[in-house]
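[1] Kindly generate the corresponding structure for this input.
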Amino acid sequence: MANQKRFDEFYSNGKIELGRSGNFVSVKNKYTAEEIKNRNKIIASHIEEAKDEINELVNAIVEKIHRCDPLFLLLSATDVAMSSLIHVVSEIQIDQDSITNMRLIEYIQSILVAQPYDEFSIDEDTQSEMVMEIFADIENLFMKCQFFNLIWAAQAQEQGELKKEDIDYIVEAQLMSNVRGHRYQFQQLDDLEKLLAPHSDKLIEVYGETADSIIEGLRKLEISLSSGKLDSLNDFISDYEAFQRKAEGKTFDEVEALLEEKRQSHTVQDYLSKCFGTDLYDVKKVTNWDERLIESLSWSIGENMDLFQKTEYPGWPIQDLPVQKRPFIKIKDIVYCFDYYNLFDNIYRVLQKNIKEHDPLYVTVWAQRQQDASESLVAEKFAHLLPNAKIYIGNYYPISGSLKQMDENDIFVICDDVVIIAEVKAGSFTYTPAITDYQAHKRSFADLIGKADYQCIRTQNYFTNNGGSVTFYNNDKTEKFVVDSKKIRRIYTVCVTVDNFNVFEAKIEKTNFFNSASGTIAISIDDLDVYEDYFDSEICFLHFLKHRKAATRIRNLTLNDELDHLGLYISQNSYEEYVNDFRDCNSFMANGFREELDAYYAGVHNSLIAKDKPTQVIPQYYREIFGYLEKNDIDGRTEFGEFILDFAYDERERLDESIRGRILREKQLGYMTPMWVEFDLFSYCCFVNIPDIESLSE
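    Coordinates of the predicted model:
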């Protein structure tokens, strides 16, 4: 009864307690260790039964797909997926049914290219009904696969070959493998354009297309696959309304002449082909790319059978799918693209792999150009975030004081009294599922995050252990720049990855792969891109970075997206302290804090749904002070900014009002009057210096 009084709503079955207080939900597990062990044993005993059920369902889906026209089936799946996203502007608004609907295309397309369908037994009278059965079966399949992950976990615990933390990771990785979409639409191709540009000569050789022409084609596909159908429908309605206005007051023969004019113009046919036909998905029509490029990105029906032949889970959607390796499908000599997310999530690595297969000797060249391009891209983003900063790329320093052996740092940023040590990792994260290739996941984390963290800390140690003037060098051992370490107040270490495995980067210090207690922030280049767009003040960005680093040391904070950190910061400011108020819980999860951010960036892409940017409360005089400090590159501005930005929002408003009142009062008196404010934890004295007003004497 005592527990119930703490909550607005409370439920308990004796083993699980659920309580809600406001928008906080508490879940408490009261099972004993022995009860959990017995429960796992019972659950694990169903694994063969679960496998058989899933295999039977996969076989049924394969057989039903054989009885449908593949083009009609994929068009129907596309319509269902698009209808699931109507009025959706934030990820949190997407329910489980919508997630399954969005994955219909990729699974159906993968089955089609993985099965040798010589002919399709199509019954026109029952095809629509069969399509709906297939969709329902796939929804059931995805649900069974989700439950299978839990059954597999119970069996893994029974077998005792993996640590609990490893099992937890595998299950989470499998669940999160359902997530699609690495970035906001407004940023879909900007970074890709810069990463592909250095390879334009090789792209021309292999595909007959430049990097620019590939990007241009992708831009056209982006429109076709997202807003193309709605745009065409709106154009059709506008054209019809214009026809009505033109036909008003006309005779029957005159109206008939106008109709004939429309028939001859083919405009109506164009609208219909886009709204109800295949024109928006015909890759050649949309992009006009060279056939070599289109063919390299497409599978024919039955061309890739790995989904069924090279796995212990034949046909299951829990593994890497053919559509993730080639996003297009060829049906009756025409190549189509239906899957928006698998195209844009994977296109960079697909092109890289295709180039490698064409010319294995280019692998080294690709890697070097990729590293150079990614480092330049990250440095460019830091330059926009921190306009006053000095940024150095490719920096070397001696090992053990001797220039005979040197270590390298990718990016070194100096802004006021703050240093950012950044390492950029352009390598690819494994595409294989954790449930079948856990070791590959461990290697990916070690290569992309573990090594970067080690390099960051090694550079930091060189910088902090050589007090005073610290020298960095060029590759040829000539002096590059010198930094006075005594003037540096804060150091941030950051690992930036080209591949986006955001769900784990957002909480990298909580993973079980390596012990990272350094406070290194792991972030994808996509999310750094959002920060570049979001922050318009270097003082505010560095203040966020202060709290982002502090959040790495909150062991119970479990976020599944980097932008949840930003959402929490906007909402709570010192959000690590906010989470610390719940330190008695084992895991603190924050959902919905980036909903306004998602809505805002949906509006950035589509002005028809534009929203105001969600921001912290930054009063007028705060903005004016920061603007002056940044414009004039005033020393100590970051520490001062941190101090007043750490104020609660109401105290920020109070300071702003006090400054306004102090200005008015000093103008009345003709001399400066200080303002003293005292709190339990800190106090401050504020002076307002007005030109031509008498200053205080020393």
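[2] give me the number of residues near Glu254?
    12 (other Cβ atoms under 10 Å). Where C-beta positions appear, they are placed from N, C-alpha and C, glycine not excepted.
[3] Give the full set of residues in contact with Glu254.
    Residues near Glu254 by Cβ atoms under 8 Å, 6 or more residues apart in numbering: Ala247.
[4] Go again with 10 Å.
    246-247 (Cβ atoms under 10 Å, 6 or more residues apart in numbering).
[5] I'd assumed it was in a strand, is it?
    No. Assigned with DSSP: H, G, I helix; E, B strand; the rest coil, Glu254 falls outside any strand and is helix.
[6] could you measure it against Asn474, distance?
    Glu254 sits 79 Å away from Asn474, going by Cβ to Cβ, to the nearest Å.
[7] same thing with Ile523?
    Counting by Cβ to Cβ, the gap from Ile523 to Asn474 is 27 Å.
[8] who has more neighbours, these two?
    More crowded of Ile523 and Asn474, by other Cβ under 10 Å: Ile523, with 24 against 14.
[9] Does that one belong to a helix, a strand or coil?
    Classified using three-state DSSP, Ile523 is strand.
[10] That one contacts Thr552, correct?
    No. Applying Cβ atoms under 10 Å, one finds Ile523 not in contact with Thr552, separated by 11.5 Å.
[11] list residues touching both of those two?
    Shared contacts of Ile523 and Thr552 (Cβ under 10 Å, 6+ apart): 508, 565.
[12] Please enumerate the strands of the stretch 551-698 of the chain.
    Assigned by DSSP state E, counting those that start in this stretch, the stretch 551-698 of the chain shows strands spanning 675-678, 683-686.
[13] just the stretch 351-500 of the chain next, same as before
    Secondary structure of the stretch 351-500 of the chain by DSSP E, counting those that start in this stretch: the strands cover 390-399, 402-415, 418-425, 469-473, 479-484, 490-497.
[14] so which of those strands is the most packed in?
    Most buried of the strands of the stretch 351-500 of the chain, by mean neighbour count (mean count of other Cβ atoms under 10 Å): strand 418-425, with a mean of 24.
[15] mind listing what that strand pairs with, with the direction of each?
    strand 402-415 (antiparallel), strand 490-497 (parallel) (DSSP bridges).
[16] by contact count, what packs against whichever helix or strand comes after the last one?
    Next in sequence after strand 490-497, counting helices and strands by DSSP states H and E, comes helix 502-505. With contacts defined as 3 or more Cβ pairs under 10 Å, 6 or more residues apart in numbering; DSSP states H and E, the secondary structure elements packing on helix 502-505 are helix 164-176, helix 438-445, strand 490-497, strand 521-524, helix 525-534, helix 562-572.
[17] chain center to helix 502-505: distance?
    Put simply, helix 502-505 sits 9 Å off its chain's centre (Cα atoms, centre = their mean, to the nearest Å).
[18] Residues contacting that helix, please?
    By Cβ under 10 Å, 6+ apart, helix 502-505 touches 169, 172-173, 175-177, 179, 182-183, 429, 441, 444-445, 448-449, 495-497, 499, 510-511, 513, 521-524, 526-527, 559-564.
[19] Repeat the analysis, applying 6 Å as the threshold.
    Residues outside helix 502-505 that contact it (Cβ atoms under 6 Å, 6 or more residues apart in numbering) are 176, 522-524, 560-562.
[20] okay, the strands paired with strand 418-425 in a markdown table with mean pLDDT and distance to Ala77 next?
    Below are these laid out as a markdown table (pLDDT from 0 to 100; distance: least, Cβ to Cβ, whole Å):
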| stretch | mean pLDDT | distance to Ala77 |
| --- | --- | --- |
| strand 402-415 | 95 | 43 |
| strand 490-497 | 96 | 32 |
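[21] State the three-state secondary structure for the closest residue in space to Ile223 that isn't next to it in sequence.
    Excluding its sequence neighbours, the residue lying closest to Ile223 (Cβ to Cβ, 6 or more residues apart in numbering) is Asp231, at 7.5 Å. Of the three states, Asp231 takes helix under three-state DSSP.
[22] and what of Ile138?
    The assignment at Ile138 comes out as helix when based on three-state DSSP.
[23] Quick check: the gap between it and Gly627.
    Distance, Ile138 to Gly627, by Cβ to Cβ: 54 Å.
[24] Tell me which of these two has more neighbours.
    Shown here are Ile138 and Gly627; by other Cβ under 10 Å, Ile138 has more neighbours (24 against 13).
[25] Quick one, grab the pLDDT at that one.
    On pLDDT, Ile138 comes in at 97.
[26] Report the separation between it and Asp598.
    Distance, Ile138 to Asp598, by Cβ to Cβ: 27 Å.
[27] How about Leu112?
    33 Å.
[28] can you check Tyr684 too?
    Distance from Tyr684 to Asp598, by Cβ to Cβ: 37 Å.
[29] who has more neighbours, those two?
    Neighbours were counted for Tyr684 and for Asp598 using other Cβ under 10 Å; Asp598 has more, 21 against 13.
[30] Give me the residues contacting stretch 197-205.
    Here stretch 197-205 makes contact (Cβ under 6 Å, 6+ apart) with 209-211, 369, 373.
[31] Could you rerun that using 8 Å?
    196, 209-212, 214, 351, 355, 359, 362, 365-366, 369-370, 372-373.
[32] Format the strands of the stretch 551-698 of the chain as TSV; extra columns: distance to Thr478 and mean pLDDT.
    Below are the strands of the stretch 551-698 of the chain laid out as TSV (distance: least, Cβ to Cβ, whole Å; pLDDT from 0 to 100):
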stretch	distance to Thr478	mean pLDDT
strand 675-678	52	84
strand 683-686	46	85
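[33] Which stretch among these approaches Lys404 most closely?
    Minimum separation from Lys404 across the strands of the stretch 551-698 of the chain (Cβ to Cβ) falls at strand 683-686, 51.3 Å.
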